[in-house]
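A.B. asks: Just a sequence and a predicted model for now, questions to come.
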Amino acid sequence: MTRCLFKSLGAALLLTCPLLACPLPAQAATLDIGIYGEPASLDAARVTGAVYDNDVLGDLFEGLVTLSPDGEYQPGVATDWSVSDDGLTWTFNLRDDARWSDGEPVTAEDFVLAFQRALDPEIASVYANLLYPIKNAAAINRGDAVMASLGARAVNDHRFEVRLEQPTPYLPTLMAHIIAAPVPAHVIREHGNDWTQLSHIVTNGAFKPSRWVSHDHIEAVRNPQFHDAESVDLDGVNYHLVENLNTGLSRFRSGNLDVMRDFDASRYQWLKENLGNAVHLHNQLSTYYYALNNRDDHPTSDVRVREALNLALRRDIITQKVLQGAANPTSSLVPAGTAHYDVQTMPGVDAPMEARLDRARALLKEAGYGPEHPLNLRLRFNSRDDHRRIAVAAAAMWKPLGINIEMVNAEANVHYAEIARGDFDIARASWVADFDDASNFLGILASGNTKNYGGYHSAGFDQLMKQAASQDDPDQRQQLLEQAERQALGDYAMAPIYADAARNLVNPDMTGWEDNAINRHLSRWISINP
Amino acid sequence: MLSYIAKRLAMAIPTLLIVITASFFLMRVAPGGPFDGERQLPPEIEANLMAAYHLDEPLPMQYLRYMGNLFQGDFGPSFKYKDFSVTDLIAQGFPVSLELGGLAIALALLLGIPMGVMAALKRNSTVDYLLMGTALGGIAVPNFVIAPLMALFFGVILGWLPVGGWNGGALPNLVLPVVALAIQQIAYIARMMRASMIEVLGSHFIRTARAKGLNERQVIWRHALRPAMLPVLSYLGPAIAGIITGSVVIEQIFGLPGIGRYFVQGALNRDYTLVMGTVVFYGVLIVLMNLIVDLLYSLFDPQIRYDD
């Protein structure tokens, strides 16, 4: 009997032992990227525009404008473009050698169809609003206008014209967004919304998809029809879904991934010491802030309370101690590095700490709060370790002022549903730029904007934003936008905390990866040195 | 036997209906919706989305629509993964979980049963203490602790095995998740097997077998093993259903595209159709596994018969 049992044990061990000696598969010239979410679709009109959507779709499709390794906008399918004197009509000339992966030419018609689909209410694209500067786009998306009235047309196969509602000097940056990438009209005519099935899909970017195992990975191979195919070094790219940052780190350390698109900020120091120059951390256009509820029935509707909260926040402690230096403190909404924009500062937050606390106490007293009438506030955040640690630190900073914080945390969907209803005094939120322009940040404070969680309402701010929107002189526009932000910061509309950083783990043997402010990296520029 | 099976299957229908109905309404009652997120949508876009997925209809109407589609075998489109239907996702995820769970259960039986029997036979000896101590360790240390440690040791430090990914079910990718998933099961089965073996060895029919002059080997193999397996068998039904429908933790840690991950991601994303699809699938599987286990009883225990 015993011998028999040993035989079973031995058999089990024998079963597993040979596996231990198996070498890991070697994949030459294939880039393995760890992405922390999976695109909802390969159709740009049906994704949410997250970093991972841009990673995958950005490699598969090329818009009129594209990105260089350092994140600068450069001609893509368009060779050049011009704008009319009134700033309302843009004309893009398309390159002759742009082809779909089946060899069909990319034409202006493909862009017209892409814009129409993105705005079609039935497709229900969550990013349709990025195209709202185009004539009638918003009305079409609401179902109030017919598609034929859209201000986008093919003048001929190689000339594409866009007419706008108002001057939009940053239109070329919008055209680099995946929502503005072309779609293959000839394939959609045949297969409709099923055009993204792997057996049908054609792409015009440097790569084309060859396999997709949901929740595992997407494989893309080099597209020989790409107009710059000869300069693409990689044979293919594998996008691995890795939701767990610790798993991502292990897979990166074991050589299974060349790039991991995020890491745990609280481990930054350890990573720097152990992985050296593989750890990439740089500013990106993103702001982490606390929304303050400006609505009447909340204590934070009093500007003195909002100012006191802002003055007592020690942003440097949050970034240095809580986040271990993995982010930069900020008191402005528009982060440093935004094109045509100078960083603004919230009044009073640069004063010495003691003076700030004295003023905060005086303001609260003036607002009627004190030992007999303590200020109780509800702070909402979505469940994640770093959000919790920051909330605890902030509550500790406000405590000496006699402010009691009740913390409420919930998973992300619930959190955002609750704060969109305005059920909070203070709420964690953040904004990552869709495109490199200050208006993309400041827009979230405009009256009526659904992202204006705090319900900030200032006629002056709205007026300045409106003036900026119709201003086509870049310098004047910049001044108006900066003035608008100063107005909002002077009203202490919110409490910006830090400019978030992009965090990547990057194989040091790779070239062509450059840290850039919009944290987008096209694989076509990347080479892996053997 | 056949009429027993038919009766059990018929009885499962109301159970499944209750499960589906309760899940449907509980999902809708949960705060937050499929389109709530960091990027709050403009109202017109949210309205477009709600209309596209019929979420603008009254809840009873949505329920009837869902049930109607379900009876035609259509689980509907996933709200989140728009290039896949829920049926596609289950068809893609289930084989992964099945392979992973099947191997883990096989490994657990292969090691757990001999360990339990050996510990029972060498009761209160060093071998017994060693085996049961190890088993206790396997139960006490949760797999979310063991799995990352194994990944760190075998994947990162020794570099022998990949630390994650499915890679089409390649053997090296399977080793760590299968072992991590099996450890706890080995421990449970070994302890259960030991206890029941000790009990069986003390029963009258074993004493009779020994009195008849059978050698120890025959006593164990022919008389003790089968009845001693009964508790393990009843444990295996729900355990197999649970394991092959996806170990959420292991699939998450090793990044495997199994159905357990779909369920969790679906719930977090409020992907109503995906969650419902996995619930229905899981419900059917539990019913079937329990039925199979009940039928197997008759093979192991001669007192149980399913005669017509």
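C.D. replies: That came through, no problem.
A.B. asks: In chain A, which residue is most central in space?
C.D. replies: residue A:432 (4.3 Å; CA atoms, centre = their mean).
A.B. asks: what's the distance between the closest residue to that residue other than its chain neighbours and residue A:316?
C.D. replies: Among residues not flanking residue A:432 along the chain, residue A:286 sits closest, at 4.2 Å (CB to CB, 6 or more residues apart in numbering or on different chains). Glycine gets a C-beta too; all of them are placed from N, C-alpha and C. Counting by CB to CB, to the nearest Å, the gap from residue A:286 to residue A:316 is 18 Å.
A.B. asks: and the stretch 1-150 of chain B, which of its residues are near chain A?
C.D. replies: Proximity of the stretch 1-150 of chain B to chain A is confined to B:30-45, B:48-49, B:51-52, B:80-84, B:88-89, B:92-93, B:107, B:110-111, B:114-115, B:117-118, B:121, B:148 under the rule CB under 8 Å from any CB of the partner chain.
A.B. asks: Tell me the confidence at the residue nearest to the centre of chain A?
C.D. replies: Here, the pLDDT recorded for residue A:432 equals 86.
A.B. asks: So the residue nearest to residue A:432 is in contact with residue A:334, correct?
C.D. replies: No - taking contacts as CB atoms under 8 Å, residue A:286 lies outside contact range of residue A:334: 10.9 Å.
A.B. asks: which of those two has more neighbours?
C.D. replies: Each of residue A:286 and residue A:334 has its neighbours counted (other CB atoms under 10 Å in any protein chain shown); residue A:334 has more, 28 against 20.
A.B. asks: which residues touch that one?
C.D. replies: A:287, A:341, A:343, A:344, A:438, A:441, A:442, A:481, A:485 (CB atoms under 8 Å, 6 or more residues apart in numbering or on different chains).
A.B. asks: from what I can see the fourth one touches residue A:484, true?
C.D. replies: It stands for residue A:344. No - checked against CB under 8 Å, the pair residue A:344 and residue A:484 is beyond contact range at 9.5 Å.
A.B. asks: okay, these two: which has more neighbours?
C.D. replies: More crowded of residue A:344 and residue A:484, by other CB under 10 Å: residue A:484, with 27 against 22.
A.B. asks: ok so the more buried one is a helix residue?
C.D. replies: Yes - judged by DSSP: H, G, I helix; E, B strand; the rest coil, residue A:484 forms part of a helix.
A.B. asks: Looking at it now. What's its pLDDT?
C.D. replies: 97.
A.B. asks: Leaving aside the residues adjacent along the chain, what's closest to it?
C.D. replies: Spatially, and ignoring its direct neighbours in sequence, residue A:484 is nearest to residue A:464 (3.8 Å; CB to CB, 6+ apart).
A.B. asks: what's the burial count for the one you found?
C.D. replies: Neighbour tally, residue A:464, other CB under 10 Å: 22.
A.B. asks: if I look at it, how far off is chain B?
C.D. replies: 21 Å (CB to the nearest CB, to the nearest Å).
A.B. asks: Looks like that residue contacts residue A:482 (just checking).
C.D. replies: No - checked against CB under 8 Å, the pair residue A:464 and residue A:482 is beyond contact range at 9.3 Å.
A.B. asks: what's near enough to touch the residue of the stretch 301-450 of chain A found nearest chain B?
C.D. replies: In the stretch 301-450 of chain A, the residue that lies nearest chain B is residue A:413 (3.4 Å; CB to the nearest CB). Taking CB under 8 Å, 6+ apart as the contact definition, residue A:413 lies against B:31, B:32, B:33, B:34, B:36, B:37, B:268, B:269, B:270.
A.B. asks: what's the answer for residue A:180, then?
C.D. replies: A:63, A:64, A:111, A:114, A:115, A:118, A:130, A:131, A:174.
A.B. asks: The same query, at a cut-off of 6 Å, please.
C.D. replies: Residues counted as contacts of residue A:180 (CB atoms under 6 Å, 6 or more residues apart in numbering or on different chains) are residue A:63.
A.B. asks: now do the one 3 residues further on
C.D. replies: Taking CB under 6 Å, 6+ apart, we find residue A:183 in contact with A:110, A:113, A:114.
A.B. asks: The same query, at a cut-off of 8 Å, please.
C.D. replies: A:43, A:44, A:45, A:110, A:113, A:114, A:117, A:195.
A.B. asks: which non-adjacent residue is nearest it?
C.D. replies: residue A:114 is the one closest to residue A:183 (CB to CB, 6+ apart), at 4.4 Å.
A.B. asks: what do you get for residue B:301?
C.D. replies: Nearest non-adjacent residue to residue B:301, counting by CB to CB, 6+ apart: residue B:230, 6.0 Å away.
A.B. asks: Can I take it that that neighbour is in a strand?
C.D. replies: No - checked against three-state DSSP, residue B:230 lies outside a strand; its state is helix.
A.B. asks: I'd guessed it sits against residue B:196; true?
C.D. replies: Yes - proximity of residue B:230 to residue B:196 meets the contact threshold set by CB under 8 Å, at 7.0 Å.
A.B. asks: more neighbours, those two?
C.D. replies: Each of residue B:230 and residue B:196 has its neighbours counted (other CB under 10 Å); residue B:196 has more, 19 against 16.
A.B. asks: Residue B:242 is in contact with residue B:289, correct?
C.D. replies: No - counting by CB under 8 Å, residue B:242 is not a contact partner of residue B:289; they are 9.1 Å apart.
A.B. asks: Can you pick out the residue with more neighbours from the two?
C.D. replies: Per other CB under 10 Å, whichever of residue B:289 and residue B:242 has more neighbours is residue B:289, with 19 against 16.
A.B. asks: name the element residue A:430 belongs to?
C.D. replies: Taking DSSP states H and E as the definition, residue A:430 sits inside strand A:426-432.
A.B. asks: and the stretch 151-300 of chain A, which of its residues are near chain B?
C.D. replies: Contact residues (CB under 8 Å from any CB) of the stretch 151-300 of chain A with chain B: A:196-197, A:212-217, A:240-244, A:246-247, A:250-251, A:253-256.
A.B. asks: Kindly recompute the last result at 6 Å.
C.D. replies: Residues of the stretch 151-300 of chain A lying near chain B by CB under 6 Å from any CB of the partner chain: A:196, A:213-216, A:240, A:242, A:244, A:247, A:250-251, A:253-254, A:256.
A.B. asks: Between all of those, which two are at the greatest distance?
C.D. replies: A:196 and A:253 (34.1 Å; CB to CB).
A.B. asks: In a strand, residue A:463, correct?
C.D. replies: No - counting by three-state DSSP, residue A:463 falls outside a strand, being helix.
A.B. asks: Measure how buried it is and give me the count.
C.D. replies: Neighbours of residue A:463 (other CB under 10 Å): 13.
A.B. asks: how about it, what does it touch?
C.D. replies: By CB under 6 Å, 6+ apart, the contact set of residue A:463 is empty.
A.B. asks: try 10 Å this time
C.D. replies: A:480, A:484, A:487 (CB atoms under 10 Å, 6 or more residues apart in numbering or on different chains).
A.B. asks: So which of the residues of the stretch 1-150 of chain B next to chain A are in helices?
C.D. replies: Judged by DSSP state H, the residues of the stretch 1-150 of chain B next to chain A include B:43-45, B:48-49, B:51-52, B:88-89, B:92-93, B:107, B:110-111, B:114-115, B:117-118, B:121, B:148 as members of helices.
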